[in-house]
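Visitor: got a sequence here, can you model it:
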Amino acid sequence: APNVEVIVGLEPDLVLGATDWGGERPALEAAGITVLTTPWLGSVPDIFAAIETIAAAIDSISEGAKLVGRIAREIVEAEALVLGAPEIRAAFLYAGTPGDPPYAAGTGAIENELILRAGGTNVFADIESAQVSFESILEKDPAVIFTAPSQVENLIANPLLQGVSAIRDGRVVGIRASVIASTQVSQGLGVMIEALHGIAP
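Guide: Next up is the predicted model:
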């Protein structure tokens with residue numbers, strides 16, 4: 001959790017945070033500090049809205065609009081590369097501890113949106129984001145698996161997943177969550193397009 005005393009000691013004009021603040025926000029506001037929280041980023045439009053909100057808070061509306069425009073242009077250009085390409089079966093998995101069944105990004109998650117934008121089809125689009133069994137991963141058999149970089153080796157080495165096409169073919173790709181739900185989203189999309197279709201934006 002954030003250290004309120006340290007933050008107050010820095011005398012910031014503005015503190016940015018996510019929606020999952022505990023008692024820190026009231027404590028910071030009681031100390032006279034302006035706190036701005038942005039909603040959970042569940043889509044590309046959510047990222048754009050967060051950029052515009054933050055830009056307005058720091059009197060940089062024009063710069064925020066330019067950033068949104070640049071990211072939107074990069075996304076459209078990347079999507080154009082895979083227009084009409086065959087959809088590749090993919091999954092975005094987040095493991096807890098090694099050996100435990102992972103969580104799959106399903107419908108409503110930004111990872112699902114990006115798989116679609118990258119010319120793929122999410123094998124777990126029929127569920128909300130939830131923990132899934134190793135058996136369901138085998139059954140759905142994604143050709144490509146995206147996960148956090150720190151979890152790539154654990155998935156590849158899992159004896160229960162050796163029959164999955166993505167594992168067998170070495171198509172497990174690490175992407176940091178901080179890239180997916182941030183101003184770097186177009187870069188993350190580019191990595192996904194290259195992994196799915198072999199096309200480098």
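
Visitor: from here on, just use CA atoms for contacts and neighbour counts.
Guide: Fine.

Visitor: which residue is the nearest non-sequential neighbour of Leu116?
Guide: Distances taken as Cα to Cα, 6 or more residues apart in numbering put Asn122 closest to Leu116, at 7.3 Å, once the chain neighbours are dropped.

Visitor: partner strands of the longest strand along the chain, with direction?
Guide: If you go by DSSP state E, the chain has its longest strand at strand 88-94. Strand pairing for strand 88-94, determined by DSSP bridges: strand 103-104 (antiparallel), strand 120-122 (parallel), strand 144-147 (parallel).

Visitor: mean pLDDT added to the ones you listed, as CSV?
Guide: As requested, these are exported to CSV (pLDDT from 0 to 100):
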stretch, mean pLDDT
strand 103-104, 96
strand 120-122, 98
strand 144-147, 98
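
Visitor: put together JSON lines for those, with mean neighbour count and distance to Arg73 on each row.
Guide: Formatted as JSON lines, the strands paired with strand 88-94 follow (neighbours: other Cα atoms under 10 Å; distance: least, Cα to Cα, whole Å):
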{"stretch": "strand 103-104", "mean neighbour count": "22", "distance to Arg73": "29"}
{"stretch": "strand 120-122", "mean neighbour count": "24", "distance to Arg73": "20"}
{"stretch": "strand 144-147", "mean neighbour count": "24", "distance to Arg73": "24"}
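
Visitor: any chance of those in JSON lines, plus distance to Glu153?
Guide: Converted to JSON lines, these look like this (distance: least, Cα to Cα, whole Å):
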{"stretch": "strand 103-104", "distance to Glu153": "16"}
{"stretch": "strand 120-122", "distance to Glu153": "21"}
{"stretch": "strand 144-147", "distance to Glu153": "10"}
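
Visitor: looking at those strands, spot the one closest to Leu155.
Guide: Minimum separation from Leu155 across the strands paired with strand 88-94 (Cα to Cα) falls at strand 144-147, 8.8 Å.

Visitor: identify all contacting residues around the longest strand of the chain.
Guide: 102-105, 111-112, 115, 119-124, 141-148, 151, 196-197 (Cα atoms under 8 Å, 6 or more residues apart in numbering).

Visitor: distance between it and the chain's centre?
Guide: Remark: strand 88-94 is offset 12 Å from the chain centroid, using Cα atoms, centre = their mean, to the nearest Å.

Visitor: now swap in stretch 117-124 and tell me
Guide: 14 Å.

Visitor: and it, how far apart are its ends?
Guide: 16 Å (Cα to Cα, to the nearest Å).

Visitor: in three-state terms, label Leu83 for me.
Guide: Under DSSP: H, G, I helix; E, B strand; the rest coil, Leu83 falls in the coil class.

Visitor: since that was my last question, I'll sign off now.
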